[in-house]
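Undergrad: Sequence plus the predicted model coming up.
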Amino acid sequence: MGSLIPIGGGADGEIQNLLNTAFNASNIKIVRTKVASENLLDSDHHLHRIAYRLGTYPIGNYAGDDAKGKWFYFLKHILKTARYNGVSTTDSIKNILAYAMRHATGPDKVVRVVFRAIEGTDASRDHYVAPDNPTADPGIAGLVDTTGTLSVVLVCPRSLPDQSSPVPDQKSDVDVDSHGHIIEKPPIKIFTPQDLSPPTLSPTTRRPKGKGGYKATAKKGKAKKATKARKRR
């Protein structure tokens, strides 16, 4: 994502693709159903934990760079304190996604959310959502185009520090309310990164492996060869 994780763009692209898939026209319906039963976007839920539950974290191998740990550190520490225009960047992100959750129908319908990061020009600023960390509906509505695509553009003023946070799991680092009671409801994992990643392609056929993929294609090819052989007889 731009200069977010400076390791050749690999993890940046992976994170962006995972986010965009989690909130595409199909999966956003699953997220909306979950938010209806557990408001993931309230003040007691935290971005790093939401990312874990949505499966929006890198799992690729990036030559010894702990991209996953950096990403969770960024969500847990850097974005938590980031402010722009007197507004919390975390609050802006949550309010934008909450807007997308609420506007499922009607003339202001949000069909999908897409994410992008760009490099800022002022390294002294915190990370923020362009243009000005919107939190109110009128400002957020301006991020939605005529196709119903809501664009979240994160401005990254500097590269991430080489610091990592542990990856959350099913039982640790869970979200709790002000009284310390766990507020997470099953299913804890809504998606995994594997759910959101493109299917692995067969090097032979360049088609997805498994059902309908390489094996099925191979069987189909054998069947065609057998038919041709019978015709030659």
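TA: Perfect, thanks for sending it.
Undergrad: residues contacting the residue lying closest to His77 once chain neighbours are set aside?
TA: Take His77 and drop its neighbours on the chain: the residue closest to it by Cβ to Cβ, 6 or more residues apart in numbering is Ser165, 7.1 Å away. Using the backbone N, CA and C atoms, a C-beta is placed for each residue, glycine as well. For Ser165, the contact set (Cβ atoms under 8 Å, 6 or more residues apart in numbering) comprises His48, Gly69, Phe72, Tyr73, Lys76, His77.
Undergrad: Pretty sure the third one sits against Arg49.
TA: In other words, Phe72. No. Phe72 lies out of contact with Arg49 (Cβ atoms under 8 Å); the separation is 9.4 Å.
Undergrad: Which neighbours do these two have in common?
TA: By Cβ under 8 Å, 6+ apart, the residues touching both Phe72 and Arg49 are Pro168.
Undergrad: So His46 versus Ile93, what's the distance?
TA: 11 Å (Cβ to Cβ, to the nearest Å).
Undergrad: returning to that earlier point: phi and psi next, for the residue nearest to His77.
TA: Dihedral pair for Ser165: phi -120, psi 150, per degrees, to the nearest 10.
Undergrad: picking that back up, which of His46 and Ile93 has more neighbours?
TA: Ile93 (24 against 21; other Cβ atoms under 10 Å).
Undergrad: from memory that one sits against Leu143, does it?
TA: No. Under the criterion of Cβ under 8 Å, Ile93 makes no contact with Leu143, lying 11.7 Å away.
Undergrad: okay, how far is it across stretch 62-73, tip to tip?
TA: 17 Å (Cα to Cα, to the nearest Å).
Undergrad: how far out from the middle of the chain is it?
TA: Distance, stretch centre to chain centre, for stretch 62-73: 16 Å (Cα atoms, centre = their mean, to the nearest Å).
Undergrad: how about that stretch: buried residues?
TA: By 16 or more other Cβ atoms under 10 Å, the buried positions in stretch 62-73 come out as Tyr62, Asp65, Asp66, Ala67, Lys68, Gly69, Lys70, Trp71, Phe72, Tyr73.
Undergrad: Ok, stretch 157-168 next?
TA: Buried positions in stretch 157-168, judged by neighbour count with 16+ other Cβ under 10 Å: Pro157, Arg158, Leu160, Ser164, Ser165, Val167, Pro168.
Undergrad: What average pLDDT does it get?
TA: Taken as a whole, stretch 157-168 carries a mean pLDDT of 89.
Undergrad: pull the CA atoms of it into CSV?
TA: Extracted in CSV, the C-alpha atoms of stretch 157-168 (Å, rounded to 0.1, in the frame of the first residue of the first chain):
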residue,chain,number,x,y,z
PRO,A,157,3.3,10.3,5.2
ARG,A,158,6.2,7.9,5.9
SER,A,159,7.3,4.3,5.8
LEU,A,160,6.4,2.0,8.8
PRO,A,161,9.0,1.6,11.5
ASP,A,162,10.5,-1.9,11.7
GLN,A,163,8.3,-2.9,14.6
SER,A,164,5.9,-5.8,14.9
SER,A,165,3.0,-6.8,17.0
PRO,A,166,1.9,-10.4,17.7
VAL,A,167,-0.8,-11.8,15.4
PRO,A,168,-4.1,-12.0,17.3
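Undergrad: So His46 is in contact with Lys76, correct?
TA: Yes. His46 lies in contact with Lys76 (Cβ under 8 Å); the separation is 7.1 Å.
Undergrad: No further queries at this time; thank you.
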